[in-house]
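Asker: Could you look at this predicted model? Sequence included:
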Amino acid sequence: MEDPVLGLRAPTGPTGQVVVLPRGMEDPQPRFGIDVGDPAAVDAAHAEVVRRGSRVVYPLTDEPWGVRRFFVEDPSGTVVNVLAHLP
């Protein structure tokens, strides 16, 4: 991950990650994120979210710090960050 994001991974289990963003960067602020593995899976998830008519609250975007992502709001109002690291 590149500036301005700090990405931390567990040395014994690199799939365990914590991403620290600068104050005020996320709007809307997701409650949690799901790394779906690769950018094609993000695209597929986005297509399914749109097909089902769910509310996308942050558009499908390739971020400069190295992830492809979008935010979707679930029926209870929880915002979820769906992402994958770019190659």
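Answerer: Received, thanks. Numbering: from 1, shown residues only.
Asker: Would you mark the buried spots in stretch 56-65?
Answerer: When burial is assessed from 16 or more other Cβ atoms under 10 Å, stretch 56-65 yields the following buried residues: 58, 60, 65. Placement of C-beta: from N, CA and C, glycine included.
Asker: so how far is it off the chain centroid?
Answerer: For stretch 56-65, the distance from its own C-alpha centre to the chain's C-alpha centre is 8 Å (Cα atoms, centre = their mean, to the nearest Å).
Asker: Is it correct that residue 67 is in contact with residue 85?
Answerer: Yes. Proximity of residue 67 to residue 85 meets the contact threshold set by Cβ atoms under 8 Å, at 5.6 Å.
Asker: Just the strands from this structure, written as ranges.
Answerer: Secondary structure of the chain by DSSP state E: the strands cover 6-10, 13-20, 32-35, 55-62, 67-73, 79-85.
Asker: Low-confidence regions, the protein specifically.
Answerer: Within the chain, the stretches falling below the threshold (pLDDT under 70) are 1-10, 13-27.
Asker: So which residue of it lies furthest out from the middle?
Answerer: Within the chain, the residue lying farthest from the chain centre (Cα atoms, centre = their mean) is residue 12, at 22.9 Å.
Asker: Distance check, that one against residue 34.
Answerer: Shown here: residue 12 relative to residue 34, a distance of 22 Å by Cβ to Cβ, to the nearest Å.
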